[in-house]
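In: this is the structure alone, sequence omitted:
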């Protein structure tokens, strides 16, 4: 396969991938101001880690005016942690959280959603304005890969940079978005490491089909040129 063909394939692959990823990202929100997409969008969630003393569960809720309704469960802890208070109540997949640790949810177009972390201490929402019991306080952080390193996962120190991590739109379609909650435990320590998941937009079928068709078309064109040369 010559260099010109490789370059053409690379260009087609890049263009198709960008088309598939950028289309739903034109106008949507995915952060502490709420979750909303302009077209049906599949998002894959993966459990990362927990550091809360409560036994918690994470779900997706629809929001309509002031009505909040749970529409899906994502992950649930079977106990508060792997080994009591060790490693700041660390909970991991396969021990505290069972199952595959991965699930896909389809967000419907133009419907407002939020994530909610529930425990014996109540429910906190990823949308700050819905946390009415605490004056609309921020209870979740959204960010790219840098957020994981910024969190103080082994301590209950206040996460001073929480206000800088409120928007996960950019990383959702360009890698993955990390989402981490503070459950208001330990006298509302605001450590934002009590329950952490990642979220990543699932490419549309058109994107993968387009890549296959583009590659197939380029190969067919090369064969036609080769046949003409041989004749």
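Out: Received the coordinates, thanks. What you see is a predicted model; the values in this text were computed from it and never measured.
In: going forward, measure contacts between C-alpha atoms and count neighbours the same way
Out: OK.
In: now the helices for this structure?
Out: 3-22, 86-89, 145-150, 169-172, 185-188, 205-230 (DSSP state H).
In: ok, residue 155 touching residue 88?
Out: Yes - counting by CA atoms under 8 Å, residue 88 is a contact partner of residue 155 at 6.3 Å.
In: who has more neighbours, the two?
Out: Set residue 155 next to residue 88 and count neighbours by other CA atoms under 10 Å: residue 88 wins out with 19 against 14.
In: how deep is residue 188 tucked in, by neighbour count?
Out: When neighbours are defined as other CA under 10 Å, residue 188 has 12 of them.
In: before we move on, what about the one 5 residues further on?
Out: For residue 193, the count of nearby residues is 29 (other CA under 10 Å).
In: beta-bridge partners for residue 63, please?
Out: With DSSP bridges applied, residue 63 shows beta-bridge pairing to residue 68, residue 112.
In: my guess is it contacts residue 112, does it?
Out: Yes - Residue 63 is within contact range of residue 112, at 5.3 Å (criterion: CA under 8 Å).
In: which residues does the most centrally placed residue in the chain contact?
Out: What sits nearest the mean C-alpha location of the chain, by CA atoms, centre = their mean, is residue 199, with 1.4 Å. By CA atoms under 8 Å, 6 or more residues apart in numbering, the residues touching residue 199 are 43, 44, 45, 46, 172, 176, 177, 178, 179.
In: and residue 112, by the same measure?
Out: Residue 112 neighbours (CA under 8 Å, 6+ apart): 34, 35, 36, 62, 63, 64.
In: now these in JSON lines, with neighbour count and pLDDT?
Out: Formatted as JSON lines, the contacts of residue 112 follow (neighbours: other CA atoms under 10 Å; pLDDT from 0 to 100):
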{"residue": "34", "neighbour count": "21", "pLDDT": "98"}
{"residue": "35", "neighbour count": "23", "pLDDT": "98"}
{"residue": "36", "neighbour count": "22", "pLDDT": "98"}
{"residue": "62", "neighbour count": "19", "pLDDT": "98"}
{"residue": "63", "neighbour count": "17", "pLDDT": "98"}
{"residue": "64", "neighbour count": "11", "pLDDT": "95"}
